[in-house]
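Novice: From the sequence below, what's the structure:
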Amino acid sequence: MFQVNASFYRFLSALQDRLTLAFSLKALSEKACLLYPEGEGIRIVYYRCGAGQRIPVAGDGRCVHVDEDTWITKPDILLSRIAALMGQAQRIHARDTVAARIEKHVTLSFLQEHHLQVALAGKYRYGLYHGGELVAAAVFSGGRRMAGKPIDYRSYELLRFCHKQGVHVVGGFSKLLDAFQRDFDLGDIMTYADKDWSDGNSYRKLGFAMVGETAPQLFWVDPRTMQRYYERTLPPEIRTVPADERVAAGYVTVYNSGSMKYIFSIFDGF
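Specialist: Coordinates of the predicted model:
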């Protein structure tokens, strides 16, 4: 039986209010619960802190995985992203936007406000403006030389892409990729699709090919603050002790679903 708590009730209430839909519930474990609306394609698996590995859910339609710490620390972004998957966002066409390079501080502020993951500045940053307002942003790494490729071949990584909360730019992702490609002599663009949220379809539509997958990633969460840590970012007094001592100190483990690795090849002949 799923152990319901106040945080889960707040999530369920806010979700139903935001989407104007009623969700049914199905316990998957003591700390994981499936939420699904009648007649709609989306399914949401909500995990209490310490739920462990992701639980596969069979069925058609999009399935997203939501962690309690994410809900508590970034509720507005989380609800906006779910709403966007349900088509509940202001639609703007890319042809009505202007693509431009954007500064580091603008990018970081935008990602912190609108992206669920840690904001990254990368090396190259592009945005779409609509009526003078930034509505989408993409962040790229610098170029990397690749073994077995010509000396001038460079591979770049798409590190982050997101829309402003409540907005979806139709064709925006493609327009940002085109802007980046015009400015640089690219060999390929590589990126990772988060399996908690993505089925990779948006990448495949643009010509990206899946070349591999990464295993689920482990995080540590302090339930007292709901702060999530990578292994390398744990407080020193926690990072230097074994897992059982971390648990004794109150920390719990959280896993994601892993990622799919995609590459968009541009260099002629490859």
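Novice: And the helices in the chain, which stretches?
Specialist: Remark: helices of the chain, listed N- to C-terminal, are 6-19, 68-73, 75-85, 104-114, 172-183, 201-205, 236-239, 243-248; assignment by DSSP state H.
Novice: right, and those - which one's nearest residue 259?
Specialist: Distances from residue 259 to each of these were compared using CB to CB; the minimum, 11.4 Å, belongs to helix 201-205. Heads up, the C-betas are built off the backbone N, CA and C, glycines and all.
Novice: Identify the residues contacting that closest one?
Specialist: The contact list for helix 201-205 (CB atoms under 8 Å, 6 or more residues apart in numbering) reads 173, 191, 193, 210, 262, 264.
Novice: Measure how far that helix is from the centre of its chain, please.
Specialist: Chain-centre distance of helix 201-205: 15 Å, with CA atoms, centre = their mean, to the nearest Å.
Novice: Equivalent analysis for stretch 170-188, please.
Specialist: For stretch 170-188, the separation from the chain centroid amounts to 20 Å (computed by CA atoms, centre = their mean).
Novice: and of the helices of the chain, who's closest to residue 97?
Specialist: Each of these has some distance to residue 97 by CB to CB; the shortest is helix 172-183, at 6.9 Å.
Novice: Neighbours of residue 56, how many?
Specialist: Residues lying near residue 56 (other CB atoms under 10 Å) number 9.
Novice: related to what we said a few turns ago, got the helices of the chain as TSV, with mean neighbour count, distance to residue 132 and mean pLDDT columns?
Specialist: TSV is the format used below for those (neighbours: other CB atoms under 10 Å; distance: least, CB to CB, whole Å; pLDDT from 0 to 100):
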stretch	mean neighbour count	distance to residue 132	mean pLDDT
helix 6-19	15	28	96
helix 68-73	20	30	97
helix 75-85	18	21	96
helix 104-114	17	13	98
helix 172-183	18	16	97
helix 201-205	14	27	94
helix 236-239	11	44	95
helix 243-248	12	48	95
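Novice: List the residues that contact residue 193.
Specialist: Contact analysis of residue 193 by CB under 8 Å, 6+ apart lists 199, 200, 203, 259, 260, 262.
Novice: quick one: the second one and residue 243, what's the gap?
Specialist: To tie it back to what came earlier, the one meant is residue 200. Counting by CB to CB, to the nearest Å, the separation of residue 200 from residue 243 is 32 Å.
Novice: if we can go back for a sec, what's the most distant pair in the contacts of helix 201-205?
Specialist: The largest separation in these, counting by CB to CB, is between 173 and 210 at 16.6 Å.
Novice: which regions of the stretch 1-150 of the chain sit below the pLDDT cut-off?
Specialist: Counting by pLDDT under 70, the stretch 1-150 of the chain contains no low-confidence segment.
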